[in-house]
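>>> kindly return the folded structure for what I paste below:
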Amino acid sequence: MNKGVSLVELIIAVCILAIVGISIALIFPKSFQTTINNRQRMSAVNFAGIKMEEIKSFPYALIPRTPDGAYFIVANCDCGGVDWNSLPMTATQYNNGTDLSDTMEADGITFTRKVCINLADQAPASPWAPHCPSVDENDPTLNNIRGKNIRVHVTWNVNNETKSVDVESFATRL
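Purely as a prediction, here's the structure:
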């Protein structure tokens, strides 16, 4: 009976262990990067949610609209089609002149929040749709429009790559 391990068996065992070890070592950086990406995305979603709740805490009449501008791609007041890069940080403001858009920092990364708000209405048996063209704040037909579409867009840069998250909600008249 053979009482030892041959050199061939030892080399095979070392090779198997090396393959397993290298495979595990290659997985760790990828999973670490995925964890970092998910943490950044979670921060962005939280920042968007905080802004959304802030906006929706105001009475319907005090929630401002984003004025018409070249940044609307689809129609002149549809926040569903906005060129976020050209939407100025000062585009949407509260009545006191405070900008809704702002920047925040977390874990050494700067997150930029931009806000777009448009009028929205719902025809019977239809989904909510933007109410375009937008109307003047003093227009009496505003009383017939039942909602405002609120979109918060958060962007951040990591390694020269721009990432973004959008959160959308509605404010409606009671």
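
>>> so which bits of the helix or strand bottoming out on mean pLDDT in the chain are buried?
Per-element confidence for the chain was summarised using mean pLDDT, DSSP states H and E. The lowest value among helices and strands belongs to strand 128-130, with a mean of 73. By 16 or more other C-beta atoms under 10 Å, the buried positions in strand 128-130 come out as residue 130. (C-beta placed from N, C-alpha, C; glycine too.)

>>> by contact count, what packs against it?
Applying 3 or more C-beta pairs under 8 Å, 6 or more residues apart in numbering; DSSP states H and E, one finds that strand 128-130 makes contact with strand 109-122, strand 147-158.

>>> in a markdown table, list the ones you listed along with mean neighbour count and mean pLDDT.
Putting these into a markdown table (neighbours: other C-beta atoms under 10 Å; pLDDT from 0 to 100) gives the following:
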| stretch | mean neighbour count | mean pLDDT |
| --- | --- | --- |
| strand 109-122 | 21 | 89 |
| strand 147-158 | 21 | 93 |
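
>>> distance to residue 42 for the ones you listed - can I get that in TSV?
TSV is the format used below for those (distance: least, C-beta to C-beta, whole Å):
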stretch	distance to residue 42
strand 109-122	11
strand 147-158	11
